[in-house]
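Colleague: Coordinates only, no sequence provided:
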């Protein structure tokens, strides 16, 4: 499908007022970029010998983040109507409102609570020049976001009228299952999309949820770490994505996982992405030669594009490519405020025509 046709479908969806509800997490992210992890830890060790001190010259930024906030922001930048449910306290309320001030199509529904705080170590591997993103988090009251925060008639009306409901970071929320059941039950016409985040310590509970025939999940979006957690829990170690996995490993893993769980799975990894419902498998390599400026939020940007791809009913192969291109734009752009539907269209055409 050519780019003009795809973006015409996006415009049609916007003209038809397709609305998306996103919930629930909000984090303040401090991003620390480390070029050489070995040298960094040598510096730390040296400082501990003298009771502390400063390690200077480490690029550091602080941004508004969290899976739900990042996804809502990307969707708003692409022109979609979004209702974001999350939490803020007195010190973070104005920051979040200011962050979304230029996106009038994103409506904020804020309940009181301490947001999460994450220190993200973006590390370049000096051996193979791959990158890792290690997040050290205080989840705040994101861990206590249940259905009781959405019990007003106005909120229920939003859910009823939603075309898609996106629930993310289930793993950080002890009330995540309660929240999932409530929002999906009250959004009968919506596409139900879940990205659980790192489930390693709660993989058994999450597998139980997925195997519940009444779970109402239409699409499960995971990365390779979450895929491995599920494979381990289901005793499917033969399909485990080892450090040097390839396309064949990805296709075998996602097909078996989808078959065992009976749910449609979208898998995004640093190597490529795939989707399956347990029968056919579709795969798309990541965009090569992407200029890497950001790692934090890369998966969220992929999810945002993937959701749009599902809403406008792109064929699986084209949806995966579409999502990869947007994620490539997101991680390569210096300032995410510069993202727009127009910029995405130009970037997409450039990649498509290569």
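Modeller: On my side now, so go ahead. This structure is a prediction, so every number in the text was calculated from the model and none was measured.

Colleague: How far off centre is the longest helix seen in the chain?
Modeller: Across the chain, the longest stretch assigned as helix under DSSP state H is helix 316-332. Between the centre of helix 316-332 and the centre of its host chain there is 13 Å, according to CA atoms, centre = their mean, to the nearest Å.

Colleague: helices or strands next to that helix in the packing?
Modeller: strand 264-268, strand 272-276, strand 281-285, helix 298-311, helix 341-352 (3 or more CB pairs under 8 Å, 6 or more residues apart in numbering; DSSP states H and E). Where C-beta positions appear, they are placed from N, C-alpha and C, glycine not excepted.

Colleague: Nearest to residue 12, out of the ones you listed?
Modeller: Minimum separation from residue 12 across the helices and strands packed on helix 316-332 (CB to CB) falls at helix 298-311, 10.5 Å.

Colleague: Make a markdown table out of the helices and strands packed on helix 316-332 and add mean pLDDT, mean neighbour count and distance to residue 84.
Modeller: Shown next, in a markdown table, are the helices and strands packed on helix 316-332 (pLDDT from 0 to 100; neighbours: other CB atoms under 10 Å; distance: least, CB to CB, whole Å):
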| stretch | mean pLDDT | mean neighbour count | distance to residue 84 |
| --- | --- | --- | --- |
| strand 264-268 | 97 | 24 | 21 |
| strand 272-276 | 97 | 23 | 25 |
| strand 281-285 | 97 | 18 | 28 |
| helix 298-311 | 96 | 25 | 12 |
| helix 341-352 | 95 | 15 | 19 |
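
Colleague: do you know which of these lies nearest residue 34?
Modeller: Judging the helices and strands packed on helix 316-332 by CB to CB, what sits closest to residue 34 is helix 298-311, at 16.9 Å.

Colleague: show me where the stretch 151-300 of the chain has helices.
Modeller: Ranges of helices in the stretch 151-300 of the chain, per DSSP state H, counting those that start in this stretch, are 153-160, 176-185, 203-211, 224-233, 247-261, 298-311.

Colleague: wait, the stretch 1-150 of the chain
Modeller: If you assign secondary structure with DSSP H, counting those that start in this stretch, the helices in the stretch 1-150 of the chain sit at 3-15, 37-49, 67-77, 90-99.

Colleague: Next, the angle from the first one to helix 341-352.
Modeller: Computed with axes from the mean of the first three to the mean of the last three CA atoms, to 10 degrees, the direction of helix 3-15 lies at 150 degrees from that of helix 341-352.

Colleague: what packs against helix 3-15?
Modeller: Against helix 3-15 (3+ CB pairs under 8 Å, 6+ apart) you get helix 298-311, helix 341-352.

Colleague: I'd like these laid out as a markdown table, including distance to residue 254.
Modeller: Shown next, in a markdown table, are those (distance: least, CB to CB, whole Å):
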| stretch | distance to residue 254 |
| --- | --- |
| helix 298-311 | 14 |
| helix 341-352 | 24 |
